[in-house]
Structures are given as structure tokens and as C-alpha cells.
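>>> got a structure for you, letters missing:
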């Protein structure tokens, strides 16, 4: 059984009222109806699915029998349970790793759900005032700018140049968030069956974008200093077409690749002519000390494409990101962006430009907020869940937590019943990862963190007491 796939398919499955078997049957029925499971697809063995979801085997058996009685699945001893040939057919969908915002999942009894899967800044009253001030002139233009508002591209090019990466405005393309930038790059440089290299674990949105492009994914293992040049060099003979790296405050581990390793990585991808995404979305969230130069600064006209965003620095609702590409890779990216939408929203771009003109203040304010939340979460976990281990990162917005269990995915489904939504670390791998980790963002308002950890502690204690399978159906 592909634990990662089934965890993604059934994320939030217990949101509806009713007995557990009916909730599970309903979630599987939705997967079939939506096209995520197609006619002939095999469902997991009852015992394996029970282990994943921390249920009794009888609960899964009853759910499968319910679906069989309704004609959604067929069951045959010796060959297992499969989606019925007569089940409704829809266009095939990926089982996305990217979590759906909790607001779309909150059903009866989950109004106070604390979401630890989405990591974005809280929009405070002070933020709203600043947004209103920054909106001056946001509605003055009505032209198409497929590659972005000219003034914003000039500003971003100057920002890269001042930070050691010479850039012209023509090298900057404004996008509707970093996710669109990553997706456009993936669609441009990947075809079906192409090989893509990504850190493992890594950002789930990149996994989704690369899989949607039809690529085969191979993971580059992370060490204490991130991806090593030796691991990348060993994978080059396989003929990869695209690489995804987060050298600074890696998502989810928080590692930072040292300058000496960045220089070697930049040389490797440039010599190979290999397009490489450098995810800069967390680069502004350092907690002190000197941040290493961007990977691309070691080969300014090489093959590294930088991706940035305001989502982690200020507000995800602006949906404002950008990419900076070397001149040699620009033509195909320009075409991809133009075809996608004729240009991102002008009001968001004007607001972003006005905000970025006070970038130093934005950085300082965000760092202060994140450091306070990180320290609060670290103290609470060490006090109330001392079995959980982690290393506080030097920047970013996540703790990469190791649990004393081989079934952390089951715990995430279990914790949902206690009002906490979690993301299993195994779902951030390009292949099999040990199912022992959680990615915990420290982006909830600090006043909510004590309640979140209290719920986690209650869920963990009950999870450990009930052992590998839940005794109550």
C-alpha cells in the first residue's frame, strides 16, 4: 500500500458526523466520485488501512461492505477490494499532497479546529491598515502586463542586484504566488516521463506540480547541511530535466546549505545545463546571524531560476510571487506565463510594490513575530511532549519533529478528532520516508499555541494507550 498516497486521499476523512465506518465509506465514495479513484483501482487491504487510520479492522471491513452493497466497489476473496467497473467515471485527479485549507473541511463539531498544515502569517488589524494604505493607486491602470507591472519588475530586479545577483527587469516575471511560478517552470521544462530531482523531504506543492507535469520524481537525501553536491552529482547520469532546491531554511527541515556547497551545486547544474529552481520564499525569515548568498549568485547567468513571494513575509491573500530567470531560459517562461493568464492582478501588484518599498520594516516585524511563536512552541513541546524530538531551526517557520512511533500518519488522522489538523512528514517525501515525523509550523497566533499543544498532548496520550489499532469501531 502506498501510505503517502492514501494519507493524502483521506486527509480529513472523519469530518462528517456518524459512526466511523460510515465516515470512512463516505470519504472513499467521494474519492471515486471525484475521479481520484477510478474503475479497477485496488483499495488497501483492510488491516493495512486500519493501521494507517488507527481504526479497528472491523471498522474498515464494515466500510468496504457498505460500499460493496451500494455498488461502488467489488470484493472477492483472494483478490481484494476494487473500485467497481460501473462506478461513476470522472476525469482522473491527482491525490494532492498540498493540504486543503481547514476552512473548507470544518464540518459539524470542528468549528474550533486548529490547523497546523497551512503556514501563512495571520492577518492582524495592523496588517489591514497597512494594506489599505498600500492600496493607493491600485486601481489606476487597466492594461495587460503579462510579465508583471513594469515598476514592480524594476524594483525586484534592483533588489536582486543589491543582494549580489545582477538582474535586469526583463529577467523578472511576476506571478500569482510562488506556487504558480513553480508550476509554470515545471510545465515548461518537464514532459511526461522526464526525471525531476527534489530534496526529500521537500515542499509538497513542488511535488504536486512536478507530478502533474507527468514527471518521475527522485529524491535527494538531506543531511545536516541540506543536499550535498555529491548526491546531486551521483544523480546527473540519470538524465534529470529539472531540479528543485531550497538552500535557505529548507521546508520542512530548516537546513541551510553552506556557501562552499552552494558554489559546487551551482557549478554542477550550470555545467550540466540543468534548469534548477531555487526556492527563496523563506529567505527573509532568518533568526539572526549571516545568511549565505543565494545559490544563483555563484552562477548569475547559469541555469538557476529564483522563486520568491510575499506570502510568507506579509500576507498570502495577495497571491503575489515572482521568478528571476537567466536570460537563456526566459523565452519559454515568458510564453508560459502569457498563456497562463495575460498577467497577474494589477491591484495586488501595486499593493506589493508599495509594501516592498518598506521591505526592511516588513522583514523585521515578521522576524519578531516568528521568533516569538517559535520560542513559545519549542517551550510548550519540551514541557508537555518531551518524547518528541527536534532541533530548533535557524530560520523559516517550521519544526521538523520526530515522534517515537513508526506510524505518525495514523497519529495525524487520530489528532483530527481532538481538534488539531496535522500534516504527516512522510507525505513530504518523493518516495518512501520513515513514517516518524511531523511538520509543525509556528504560524498560529501565539495565544493559540498553548491550546494546540494541549490538544496534541491529549491526542498523543490516547494514541499511545490504544496501541497500533483502535479498539472501538
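Sure thing, it's come through. None of the values given here were measured: they were computed from a predicted structure.
>>> need the contact list for the closest residue to residue 136 other than its chain neighbours.
For residue 136, ignoring the flanking residues on the chain, the nearest one in space by C-beta to C-beta, 6 or more residues apart in numbering is residue 354 at 6.9 Å. In this view, the C-beta of every residue, glycine as well, is placed from N, C-alpha and C. Residue 354 makes contact with 133-137 under the criterion C-beta atoms under 8 Å, 6 or more residues apart in numbering.
>>> Show me what the mean pLDDT comes to for the longest helix belonging to the chain.
The residue-count maximum for a helix in the chain (DSSP state H) belongs to helix 359-384. Computed over helix 359-384, the mean pLDDT rounds to 94.
>>> where are the low-confidence patches of the protein?
Along the chain, the parts satisfying pLDDT under 70 run over 89-93, 100-111, 289-290, 467-473.
>>> which residues of it fall in strands?
Ranges of strands in the chain, per DSSP state E, are 73-76, 80-83, 114-115, 172-175, 195-200, 216-223, 226-227, 242-245, 276-279, 304-309, 321-324, 398-402, 420-421, 437-441.
>>> Roughly how far does the residue nearest the centre of the chain sit from residue 61?
Closest residue to the average C-alpha location of the chain: residue 204 at 3.5 Å, with C-alpha atoms, centre = their mean. With the distance defined as C-beta to C-beta, to the nearest Å, residue 204 ends up 31 Å from residue 61.
>>> Likewise for residue 129?
According to C-beta to C-beta, residue 129 stands 56 Å off from residue 61.
>>> Who has more neighbours out of these two?
residue 61 (18 against 10; other C-beta atoms under 10 Å).
>>> Can you give me every residue that contacts the more buried one?
Going by C-beta under 8 Å, 6+ apart, residue 61 touches residue 46.
>>> before we move on, what about residue 330?
170-171.
>>> cutoff 6 Å now
Applying C-beta atoms under 6 Å, 6 or more residues apart in numbering, we find residue 330 in contact with no residue.
>>> Give the buried residues for stretch 305-325.
Neighbour-count burial for stretch 305-325 flags 305-316, 318-325 (criterion: 16 or more other C-beta atoms under 10 Å).
>>> Please apply the same query to stretch 170-182.
171-182.
>>> before we move on, the earlier item: so the longest helix of the chain versus strand 398-402, what angle?
Orientation of helix 359-384 against strand 398-402 (axes from the mean of the first three to the mean of the last three C-alpha atoms, to 10 degrees) gives an angle of 20 degrees.
>>> Start at 704, not 1
With the count now opening at 704, the last piece we talked about shows up as helix 1062-1087.
>>> still on that earlier bit, Throw the strands of the chain into CSV and include distance to residue 1038, thanks.
Output for the strands of the chain, formatted as CSV (distance: least, C-beta to C-beta, whole Å):
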stretch, distance to residue 1038
strand 776-779, 44
strand 783-786, 39
strand 817-818, 37
strand 875-878, 11
strand 898-903, 20
strand 919-926, 25
strand 929-930, 30
strand 945-948, 17
strand 979-982, 18
strand 1007-1012, 15
strand 1024-1027, 14
strand 1101-1105, 35
strand 1123-1124, 39
strand 1140-1144, 35
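>>> what about these, which gets the closest to residue 742?
Of all the strands of the chain, strand 783-786 sits nearest to residue 742, with 5.4 Å by C-beta to C-beta.
>>> Centre of the chain to that closest one, how far?
The chain centre lies 31 Å from the centre of strand 783-786; the measure is C-alpha atoms, centre = their mean, to the nearest Å.
>>> Tell me which other helices or strands it touches.
Packing contacts for strand 783-786, counted by 3 or more C-beta pairs under 6 Å, 6 or more residues apart in numbering; DSSP states H and E, involve strand 776-779.
>>> Who are the contact partners of residue 861?
Per C-beta under 6 Å, 6+ apart, neighbours of residue 861: none.
>>> swap that for residue 980, sorry
888, 947, 1008, 1010.
>>> One more pass at 10 Å, please.
Contacts for residue 980 (C-beta atoms under 10 Å, 6 or more residues apart in numbering) come out as 881, 884-885, 888-889, 892, 899, 901, 909, 912-913, 945-949, 1007-1010, 1026.
>>> Quick check, residue 890 in contact with residue 914.
No - using C-beta atoms under 10 Å, residue 890 and residue 914 do not qualify as a contacting pair, with a distance of 12.0 Å.
>>> Can you give me the distance of residue 890 to residue 746?
Distance from residue 890 to residue 746, counting by C-beta to C-beta: 32 Å.
>>> With neighbour numbers in mind, choose between the two.
Taking other C-beta under 10 Å, residue 890 and residue 746 do not tie; residue 746 has more neighbours (23 against 19).
>>> Leaving out the residues flanking it, which one is nearest to the more buried one?
residue 784 (4.3 Å).
>>> Tell me if I'm right that residue 1121 and residue 1156 touch.
No - taking contacts as C-beta under 10 Å, residue 1121 lies outside contact range of residue 1156: 11.4 Å.
>>> between those two, what contacts are shared?
Contact with both residue 1121 and residue 1156 is made by residues residue 817, according to C-beta under 10 Å, 6+ apart.
>>> Please say which of these two ends up with more neighbours.
Neighbour tally, residue 1121 and residue 1156, criterion other C-beta under 10 Å: the higher count belongs to residue 1156, 21 against 17.
>>> how does the chain divide into domains?
Domain assignment for the chain by automatic domain parsing gives 706-786, 805-822+1064-1169, 828-1060.
>>> now the ones you listed as JSON lines including distance to residue 797?
What follows is the domains of the chain, written out as JSON lines (distance: least, C-beta to C-beta, whole Å):
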{"stretch": "domain 706-786", "distance to residue 797": "8"}
{"stretch": "domain 805-822+1064-1169", "distance to residue 797": "13"}
{"stretch": "domain 828-1060", "distance to residue 797": "6"}
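>>> closest one to residue 798 among those?
Closest among the domains of the chain, using C-beta to C-beta: domain 706-786, at 4.4 Å.
>>> Compute the first-to-last residue distance for that closest one.
End-to-end distance for domain 706-786: 18 Å, by C-alpha to C-alpha, to the nearest Å.
>>> Ok, stretch 923-941 next?
Using C-alpha to C-alpha, one end of stretch 923-941 lies 13 Å from the other.
>>> again, but for stretch 1112-1127
Distance across stretch 1112-1127, first residue to last, is 5 Å (C-alpha to C-alpha).
>>> Run the chain-centre distance for it.
Between the centre of stretch 1112-1127 and the centre of its host chain there is 17 Å, according to C-alpha atoms, centre = their mean.
>>> again, but for stretch 1105-1125
Its chain's C-alpha centre and that of stretch 1105-1125 lie 18 Å apart, by C-alpha atoms, centre = their mean.
>>> in it, what's buried?
1105-1106, 1108, 1110-1119, 1121-1125.
>>> same check, this time on stretch 836-846
Going by neighbour count (16+ other C-beta under 10 Å), the buried part of stretch 836-846 is 837, 841.
>>> what does stretch 707-722 give?
Residues 707, 709-718 are the ones in stretch 707-722 that count as buried (16+ other C-beta under 10 Å).
>>> What's the end-to-end length of it?
25 Å.
>>> show me what contacts residue 976?
1005-1006, 1031-1032.
>>> Distance-wise, check the nearest residue to residue 822 once chain neighbours are set aside relative to residue 838.
Leaving aside its chain neighbours, residue 822 sits nearest to residue 1144 (3.6 Å; criterion: C-beta to C-beta, 6+ apart). Noted for residue 1144: a distance of 28 Å to residue 838, by C-beta to C-beta.
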